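Chemist: quick one: sequence plus predicted model below, questions after.
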Protein chains: 2
Amino acid sequence: MDESEDNEPKTKRRKIVGASLDQILKQIRPLDEAAMESARKRQEQLTKPRGSLGKLEDVSIRIAGIRGRIASFLEHKAIITMAADHGVVNSGVSLYPQEVTRQMVFNFLSGNAGINILTRHIGARVIIVDMGVVGGFEPQPGLICKMIDFGTKDMTQGPAMTRQQAIDSIEAGIEVVEAEIEKGLDIVGTGEMGIGNTTPSSAICAAITGTPVQDITGRGTGLGDEQLDHKVKMIEKALSVNNPDPTDPIDVLSKVGGFEIGGLVGVILGAVAHRVPVVIDGFISGAAALLVINLAPTAKEHIIAGHHSAESGHGIMLEKLGLSPLLNLEMRLGEGTGAALAMTVVEAAVKTLSGMKTFAEAGVSDVE
Amino acid sequence: MDESEDNEPKTKRRKIVGASLDQILKQIRPLDEAAMESARKRQEQLTKPRGSLGKLEDVSIRIAGIRGRIASFLEHKAIITMAADHGVVNSGVSLYPQEVTRQMVFNFLSGNAGINILTRHIGARVIIVDMGVVGGFEPQPGLICKMIDFGTKDMTQGPAMTRQQAIDSIEAGIEVVEAEIEKGLDIVGTGEMGIGNTTPSSAICAAITGTPVQDITGRGTGLGDEQLDHKVKMIEKALSVNNPDPTDPIDVLSKVGGFEIGGLVGVILGAVAHRVPVVIDGFISGAAALLVINLAPTAKEHIIAGHHSAESGHGIMLEKLGLSPLLNLEMRLGEGTGAALAMTVVEAAVKTLSGMKTFAEAGVSDVE
């Protein structure tokens, strides 16, 4: 493949930041069938038994459908890791103290957390965003501030946030991803940090899909049996107190969501609208993706599930999303770590499609 | 971690090439428990919920056990891809003509096959070895010649090779990996190319484990139902004609094996003996690994299963090996492609263990 075919000229990318949620939703289109067909045909001619690259073939075809052509490589890669706090930790749903969210943001900024190691390993940049961490931050090099509030309210007592805050958090996410697209972005992954955030994620999944809370609630960072029972009860209480409307994803997000989850909804929507492939991480990103496909069902075709998280309930969530994950390494760290490892597999898929020779090009005999 | 701690001085690595099979078998030792314990302790102190890196934690601990210390990174990575032909293709067990083995070797050397793309992607070198391709090769830059014969004999008529050829093929593999260790090798993966080579691989697994041939025989490059039935019959015939001794892996290799499979036995044994982590690819590498652990049961602890191949029967083979694969991307291309993708995950595991800060180092609060 001629590498110059890849990547639109940078000038086309200018001045896209600032789209509203409504504008972004209107921009979302189905995959490009013609590009997928040409990717499919090329896969069949490459020097390998047909279908033998398995999921790599599927994902390479999907990337062609997203980008509208066979990409040669994915030069600009980023994981966007959004942090926020959750009032519901006051109801005892996590092992770790709330201050860990803020401490971990500093750990990200110093470059030595899991996501830093893994993004360096795959040659991606990591974008750290404060969506609403308790205590807040002075301006920090490397930290993007989109703070909606100092953490959500305790959703067992009332809505986690206002409807306007839910929309603001989504539009903040759109802004973050659009700013990255301006800099050059060929693929993006989602990540998060927020002590307690498996709790709103389970609540969102239960509210949207009607799945019993118990079935989609896991141990998070490592709860014992009694603590898990308590977490289930707190989620059930939040749903009963707030009664979110399952047909209105913004209502669900505002009542039982979180700021980083709203932010990730915006990141995914923005990426899909601008036809940048998006790899979602685990349980929390999955909850954001559930909101996304309920806001824009077509978005589903664009979303790549990075991995199957070890958080119990993620299997059901993936089923509800209708997505099959690339990896299952029994990880449950969050931060975007699963998305990062999956991203390098996606990159490998793109490179095999564009870089391998065909039977004819290589002078290799095909099946008789 | 101080990176200077990693990697023994190069001078220690000199003059190791030329070990016999017997010498190598005597060098194989269990994993270093003390190094594993210190890796386990470090994993528990890193800034993440305990266990949340899943299989990455397990593999990082195992690598420490192999290398005898916590490695900081895996600088020198290689996939060794061995090619050979199989007389049994005359009995109609493959869709592709035999000449494809030789053509694919040229494709590897030109740098545009699947394994070339994937090794470049992960920053590894690929070593192409002729173990016995029909037609042979003039000396070629980049091709290592360890040719035992121009393909094996048709094993449905008698032994695929002599006992001496089986030993020679293993010792050739030992020589290849030792030469790479001399150049610098921190992790190695196995790969192969050989039209028809799922057939001897199934035969080896059936002979060693007593598994019914039908259960471990798949469609290879894409056989139809009738062709698959025929393949099963040919394997059963080969086993009945040759009656390999299940307690003698060399006998099994000579009667129903292949030269590249013997070569891979040597690569794995050599890597294990010299305490270089080895990632095995799919079905054919799995057959080589089965021979290895029957020659040296301790070797099993050292072997990392790269991926679960889509070749039907690989699941049973992994079970017999007692190994759990890192990836399942429904791939069945061979060449070492699954090992290559798994190798970058192993590298990520090593980097997270050595590079992530501990709770104390990062000033992050641990569980109360």
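Modeler: Structure's in. What do you need?
Chemist: quick one: the helices in the stretch 151-300 of chain A, in order.
Modeler: A:163-183, A:198-209, A:225-242, A:249-256, A:259-273, A:283-295 (DSSP state H, counting those that start in this stretch).
Chemist: any stretches of the stretch 151-300 of chain A with poor pLDDT?
Modeler: Applying pLDDT under 70 to the stretch 151-300 of chain A flags no residue at all.
Chemist: for the closest residue to chain B within it, give me its contacts.
Modeler: Nearest residue of the stretch 151-300 of chain A to chain B, counting by Cβ to the nearest Cβ: residue A:221, 3.8 Å away. Backbone N, C-alpha and C define where each C-beta goes, glycine included. In this structure, residue A:221 makes contact with A:94, A:95, A:96, B:49, B:52, B:367, judged by Cβ atoms under 8 Å, 6 or more residues apart in numbering or on different chains.
Chemist: from the residues you listed, which land in helices?
Modeler: Using DSSP state H, no member of those falls in helices.
Chemist: can you pick out the most distant pair from those residues?
Modeler: A:94 and B:52 (13.5 Å; Cβ to Cβ).
Chemist: report the distance from stretch A:329-336 to the chain centre.
Modeler: 12 Å (Cα atoms, centre = their mean, to the nearest Å).
Chemist: is chain B contacted by it?
Modeler: Yes - contact between stretch A:329-336 and chain B, assessed by Cβ under 8 Å from any Cβ of the partner chain, occurs at A:329, A:330, A:331, A:332, A:333, A:334.
Chemist: who wins for neighbours among these?
Modeler: Counting neighbours by other Cβ atoms under 10 Å in any protein chain shown, residue A:334 leads the residues of stretch A:329-336 next to chain B with 30 neighbours.
Chemist: setting the sequence-adjacent residues aside, check what's closest to that residue.
Modeler: Leaving aside its sequence neighbours, residue A:334 sits nearest to residue A:192 (Cβ to Cβ, 6 or more residues apart in numbering or on different chains; 5.9 Å).
Chemist: with residue A:353 as the reference, measure out to residue A:55.
Modeler: Going from residue A:55 to residue A:353 by Cβ to Cβ, to the nearest Å gives 13 Å.
Chemist: which of those two has more residues huddled nearby?
Modeler: Applying other Cβ under 10 Å to residue A:55 and residue A:353 shows that residue A:353 carries more neighbours, namely 26 against 20.
Chemist: for that one, which non-adjacent residue is closest in space?
Modeler: That would be residue A:60: by Cβ to Cβ, 6+ apart, it lies 3.9 Å from residue A:353.
Chemist: next up, the contacts around the one you found.
Modeler: If a contact means Cβ under 8 Å, 6+ apart, then residue A:60 has A:39, A:43, A:53, A:349, A:350, A:352, A:353 as its contacts.
Chemist: looking at those, which are in helices?
Modeler: Short answer: these in helices (DSSP H) are A:39, A:43, A:349, A:350, A:352, A:353.
Chemist: and the fifth one, what does it touch?
Modeler: Residues near residue A:352 by Cβ under 8 Å, 6+ apart: A:46, A:53, A:56, A:60, B:114, B:117, B:118.
Chemist: contact residues of the stretch 51-200 of chain A facing chain B?
Modeler: With the criterion set to Cβ under 8 Å from any Cβ, the stretch 51-200 of chain A comes near chain B through A:51-56, A:95-97, A:99-100, A:103-104, A:106-107, A:110, A:112-114, A:117-118, A:120-122.
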